[in-house]
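Engineer: Just a sequence and a predicted model for now, questions to come.
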Amino acid sequence: MTEFSGFPADLFRFLEDLRANNSRDWFNDHKARYLESVVEPMSAFIVAMQPRLRSISKHYRANPKPHGGSMFRIYRDTRFSKDKTPYKTHAACQFRHERGRSVHAPGFYVHLEPEGLHFGGGIWRPPGPQLTAIRDFIADNARSWARIKNAKKVREVGGIRGESLKRPPRGFNAEHVHIEDLKRKSFYVMSEAEPEAALSADFPDTVTQGFQRAAPLTRFVCDALELEY
């Protein structure tokens, strides 16, 4: 595997072409291009992130394997979707907590598409018991939560995000100071950048800064779920 020197510009051209030709026949005809422009540089990027991730927490894994590692598959799950196009039109990877077995575990995430880049950390749609544990931890540690959500580095990128319920969750005080956060079904902090940033050999450093910005949130989530950090 070659050292990471930036994603190739063809990564974004490939994704644009795939969006315009989202079919199995087209993809199979361009499989070699997909491997060269997406899979191989993503694997090199994940390797480059290994020591940087360990500097944040030794309990998150950066696995460069194309299948079963940190890289997301490009194949869409269309079983329960009205959109039956077979392929995703973005590239992404998740550095998951070592005790996590799915995308719903605490982790750090990188998303690349022609419109822009997103990278950060937190937890996406945890199952019911874990979500309740996080909400309970927020309710019981209101000051610590306030310090995290009001930190300048967090506010600079739009604060803690995540889709929310319309009403307060059952069992929680509707007047709680953090009720808007208690309504959330996901909790994450995301930084953004223009696509050109991914073409640089310095992109792993840029992503690491985004991960560091999200690190207090991921630590809080791990504490709520009694996971090592």
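Structural biologist: Alright, I've got the coordinates.
Engineer: Around Ala9, how many other residues sit close by?
Structural biologist: Ala9 sits with 13 neighbouring residues when counted by other CB atoms under 10 Å. Glycine gets a C-beta too; all of them are placed from N, C-alpha and C.
Engineer: My error: substitute Arg101 in the last question.
Structural biologist: When neighbours are counted by other CB under 10 Å, Arg101 comes out with 8.
Engineer: Same question for the one 10 residues further on.
Structural biologist: Close neighbours of His111, defined as other CB under 10 Å, add up to 17.
Engineer: would it count as being in a strand?
Structural biologist: Yes - counting by DSSP: H, G, I helix; E, B strand; the rest coil, one finds His111 located in a strand.
Engineer: what's the distance between it and Asp140?
Structural biologist: Separation of His111 from Asp140 (CB to CB, to the nearest Å): 32 Å.
Engineer: again with Glu194
Structural biologist: The spacing between Glu194 and Asp140, counted by CB to CB, is 40 Å.
Engineer: Show me where the chain has its helices.
Structural biologist: 10-20, 24-29, 31-34, 40-54, 128-140, 142-149, 152-155, 179-182, 203-224 (DSSP state H).
Engineer: so can I have TSV of the ones you listed showing distance to Thr85, mean neighbour count and mean pLDDT?
Structural biologist: Converted to TSV, the helices of the chain look like this (distance: least, CB to CB, whole Å; neighbours: other CB atoms under 10 Å; pLDDT from 0 to 100):
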stretch	distance to Thr85	mean neighbour count	mean pLDDT
helix 10-20	9	17	98
helix 24-29	10	11	97
helix 31-34	15	13	97
helix 40-54	21	19	97
helix 128-140	30	16	97
helix 142-149	37	15	98
helix 152-155	35	13	97
helix 179-182	34	18	97
helix 203-224	28	21	98
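Engineer: nearest to Thr78, of those helices?
Structural biologist: Set against Thr78 and scored by CB to CB, the helices of the chain come closest in helix 24-29, at 11.8 Å.
Engineer: My understanding was that Val39 contacts Pro66; is that so?
Structural biologist: Yes - in this structure, Val39 is within contact of Pro66 by CB atoms under 8 Å, at 5.3 Å.
Engineer: and the closest residue to Phe14 other than its chain neighbours, how many neighbours?
Structural biologist: Counting by CB to CB, 6 or more residues apart in numbering, Ser37 is the residue found nearest to Phe14 once chain neighbours are left out, at 4.9 Å. Neighbour count of Ser37, defined by other CB under 10 Å: 21.
Engineer: thought Ser37 was touching Pro8?
Structural biologist: Yes - under the criterion of CB under 8 Å, Ser37 makes contact with Pro8 at 5.4 Å.
Engineer: Mind listing the shared neighbours of the two?
Structural biologist: With contacts defined as CB atoms under 8 Å, 6 or more residues apart in numbering, no residue is shared by Ser37 and Pro8.
Engineer: Next, count neighbours for Lys166.
Structural biologist: Count around Lys166 with other CB under 10 Å applied: 5.
Engineer: quick one: it and Gly6, what's the gap?
Structural biologist: Taken as CB to CB, the spacing of Lys166 relative to Gly6 amounts to 43 Å.
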